[in-house]
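Enquirer: Need a 3D model of the sequence below.
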Amino acid sequence: MIIQLKSNIDPAQKEAIIKKVNSFKFETNEVVTQKGSYLIGIGTKEFDIRQIGNMPGIADIHIVSDSYKLVSRKWKVKPTIIDLGDGVTVGQGSLAIMAGPCSIEGEEQIVETIAHLKANGIKIMRGGVYKPRSSPYAFRGMGIDGLKIWYKHAKAAGIKIVTEVMQVSQIEPMLDFVDVFQVGARNTQNFNLLDALGKIDKTVMIKRGISGTIDELLYSAEYVFSGGNEKLILCERGIRTYEKASRNTLDLNAIPILKEKTHLPVIADPSHGIGIRRHVAAMALASIMAGADGIIYETHSNPYKALSDGQQTLDFRESEKLCKRMKAAYELLSSF
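Expert: Sure thing, here's the model as predicted:
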């Protein structure tokens, strides 16, 4: 059960509501976000919500059977649209394209990538300044110094930044330089990190875990939402299966299922999803036709010299071609 509280509710009214809900053997948890205040009722006994629906201080009340309450579409039918400012949005009604290198490697790379994005109307740049790598000897990013250089150029160009945060201690120093904090596949169930991201007023994009289920992804989002942060994006990025022909198995099934289960925006990452450069475009287009609200992919001026993930990274010519095809595919889908 989700009880939406009125913004002008007084403490006595709130206490009366909690007492009434508890009388029906429901535990209550208060959640205060950037957009509203809620009481989450957890219990198994069914009752007629009209018994409390007219109590002073209640704006609305919903019965939600899902264990993940706040991210469920059962109480919020209208899709959430994330506003990153300056007319940049992620959610139903437009196709969000996020592109850039796997790793931020230097200032020259940043400048040339931003020029490519602007030439193709892409307003969100992805890139890693902290990189989780399988080998401890691989390039692991430029850290906060690289992020500051990136931010300087992106800000001047009107480009938004999405980058991965790997641990709680990184959030505060990164906060002023990031538009979207990415929770990578390896951290999807890092609950300390999710709790901390629930306490900030910045958009969080959660990638599906390497072997994570759809419900587990939704539970991860519930952690952030219940902590106070409603600004959430979900990302299908492929899961590990027994198939060895590709890096991962991009689960196109997950896109319409997530869109049915949650009001949050759902995007896809075909670069990690398949991990093979020549097939990234096909999977990006398939994701759009499956209903994705956006695509995040990797591009580099020279993928063969990229310090990480070059095998799945498009060069600028391939990226430009894909961008045109994605926009055409989205327009076609919108005309149905």
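
Enquirer: can you give me the mean pLDDT across the helix or strand containing Gln170?
Expert: Under the criterion DSSP states H and E, the helix or strand holding Gln170 is helix 168-174. Along helix 168-174, the predicted local confidence has a mean pLDDT of 96.

Enquirer: which element follows that helix toward the C-terminus?
Expert: On the C-terminal side of helix 168-174, the nearest following helix or strand under DSSP H and E is strand 180-183.

Enquirer: Name the strands paired with that following strand and say parallel or antiparallel.
Expert: Using DSSP bridges, strand 180-183 pairs in its sheet with strand 160-164 (parallel), strand 203-207 (parallel).

Enquirer: okay, and for the stretch 151-300 of the chain, where does confidence drop off?
Expert: Low-confidence regions of the stretch 151-300 of the chain, defined by pLDDT under 70, are absent; no residue qualifies.

Enquirer: returning to what we had before: for the strands paired with strand 180-183, give me CSV that also has distance to Ile149.
Expert: Quick note: C-beta positions are derived from backbone N, CA and C, even for glycine. Putting the strands paired with strand 180-183 into CSV (distance: least, C-beta to C-beta, whole Å) gives the following:
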stretch, distance to Ile149
strand 160-164, 12
strand 203-207, 22
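
Enquirer: To His153, which of those lies closest?
Expert: Relative to His153, the nearest member of those by C-beta to C-beta is strand 160-164, separated by 10.1 Å.

Enquirer: which residues are contacting the closest one?
Expert: Where contact means C-beta atoms under 8 Å, 6 or more residues apart in numbering, the residues beyond strand 160-164 that reach it are 84-86, 88, 98, 104, 123-132, 147, 150-151, 154, 174, 177-184, 205, 296.

Enquirer: and it, how far out from the chain's middle?
Expert: On the basis of C-alpha atoms, centre = their mean, to the nearest Å, the separation between the geometric centre of strand 160-164 and that of its chain is 11 Å.

Enquirer: Could I have the CA atoms of that strand written out in CSV?
Expert: This file holds the C-alpha atoms of strand 160-164, laid out as CSV (Å, rounded to 0.1, in the frame of the first residue of the first chain):
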residue,chain,number,x,y,z
LYS,A,160,25.1,16.3,-20.0
ILE,A,161,27.4,13.8,-18.3
VAL,A,162,26.7,10.2,-17.3
THR,A,163,29.4,8.3,-15.5
GLU,A,164,29.9,5.4,-13.2
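
Enquirer: How about it, which residues are buried there?
Expert: Buried residues in strand 160-164, counting neighbours by 16 or more other C-beta atoms under 10 Å, are found at 160-164.

Enquirer: same deal with stretch 216-226?
Expert: Residues of stretch 216-226 classed as buried under the neighbour-count rule (16+ other C-beta under 10 Å) are 217-226.

Enquirer: can you list the domains in this structure?
Expert: The chain breaks down into these domains under automatic domain parsing: 2-62, 82-334.

Enquirer: about what we covered before: could the buried residues of strand 160-164 be laid out in a markdown table, adding distance to Lys244?
Expert: Shown next, in a markdown table, are these (distance: C-beta to C-beta, whole Å):
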| residue | distance to Lys244 |
| --- | --- |
| Lys160 | 36 |
| Ile161 | 34 |
| Val162 | 30 |
| Thr163 | 30 |
| Glu164 | 26 |
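
Enquirer: and which of those is nearest to Ala282?
Expert: Top of the list for closeness to Ala282, among those and by C-beta to C-beta, is Val162 at 23.2 Å.

Enquirer: Next one: the spatially closest residue to the closest one that is not a sequence neighbour from Asp195, what distance?
Expert: Residue nearest to Val162 in three dimensions, not counting chain neighbours: Val180, with 3.9 Å by C-beta to C-beta, 6 or more residues apart in numbering. According to C-beta to C-beta, to the nearest Å, Val180 and Asp195 sit 18 Å apart.

Enquirer: higher neighbour count, those two?
Expert: Of the pair Val180 and Asp195, Val180 is the one with more neighbours under other C-beta atoms under 10 Å, namely 22 against 15.

Enquirer: Surely the more buried one is in contact with Ile206?
Expert: No - taking C-beta atoms under 8 Å as the definition, Val180 is not a contact partner of Ile206, at 10.7 Å.

Enquirer: got any residues that touch both of these two?
Expert: Taking C-beta under 8 Å, 6+ apart as the criterion, Val180 and Ile206 both touch Ile233.

Enquirer: now, among the buried residues of stretch 216-226, which is nearest to Leu70?
Expert: Of the buried residues of stretch 216-226, the one sitting nearest to Leu70 (C-beta to C-beta) turns out to be Phe225, at 4.2 Å.

Enquirer: could you give the angle of the helix or strand where that closest one lies to strand 203-207?
Expert: Element membership of Phe225 [criterion: DSSP H and E] is helix 214-226. Compare the direction of helix 214-226 with that of strand 203-207 by axes from the mean of the first three to the mean of the last three C-alpha atoms, to 10 degrees and you get 160 degrees.
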